[in-house]
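Asker: sharing a model that was predicted from the sequence below.
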Amino acid sequence: MSIEESRVQKVASACREMAVLKPLRVKEVERLVGQLMFCARVVYGAKMFLRSGYDFIGRASRMRRFYDTLPRDLSRDLMWLAKVLEEYNGQAVVLNRRPVVRDFFAVDAAGEEAVDGGMGGFFGGRWFAVKWEEVRQWRVQPFSPFRDVASSHINYLELFVIFRALKKWGHLLRGCRDCGNCNVQGVRH
């Protein structure tokens, strides 16, 4: 996405003209800042140089001035924006934003020493909960818990419940971005 070259030249020349320190109509500065805000959608990084323009407009309106002299920082920013507009027109990335669906996804495992030791998970209204006694009766596979001492450790059980939830709901999570939190230090590493 880019702005027509004639429009860029027009806005850049207006920036250079206004940058000269002289009394100006505040409405002219407002108009130019509005045009620059439009250009900032396409020129990456231009927005951060508009702060001094907004400060000037706010101060002038509070003091009820129709004419005012530009502060030196705004003058410098306008000169810089004129240069940036001409060099970087159309080099910003415009994101095609998809709506974000925020479903809650949580899993947990309680060790065997817990009263109701087992695992469970929740995702967008769906859930599962299984006691470890029931899991021990499942057919043993290479990744099953409780097949040896290492697979009985709480760190492994925490990973297993994540695996189980992803196996169950993975198709629903396809294409999603996940932010994970884990309450067991060993699983993190």
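Answerer: Now that the structure is in, tell me what you want to look at.
Asker: in the longest helix that the chain contains, what's buried?
Answerer: Across the chain, the longest stretch assigned as helix under DSSP state H is helix 154-173. Across helix 154-173, burial judged by 16 or more other C-beta atoms under 10 Å covers 154-162, 164-165, 169. Every C-beta, even on glycine, is put in place using the N, C-alpha and C of the backbone.
Asker: please report how far Leu24 lies from Phe160.
Answerer: 69 Å (C-beta to C-beta, to the nearest Å).
Asker: got a pLDDT number for Pro71?
Answerer: Note on Pro71: pLDDT of 88.
Asker: I misspoke; the intended subject was Arg147.
Answerer: Value for Arg147, per-residue pLDDT: 85.
Asker: now the one 5 residues further on
Answerer: Ser152 is assigned a predicted lDDT (pLDDT) of 83.
Asker: next, count neighbours for the closest residue to it other than its chain neighbours.
Answerer: Here the nearest residue to Ser152 in space, its sequence neighbours aside, is Phe146; by C-beta to C-beta, 6 or more residues apart in numbering that works out to 5.2 Å. Residues near Phe146, counting by other C-beta atoms under 10 Å, number 16.
Asker: make 370 the starting number, not 1.
Answerer: Yep, numbering from 370; the last one is Phe515 now.
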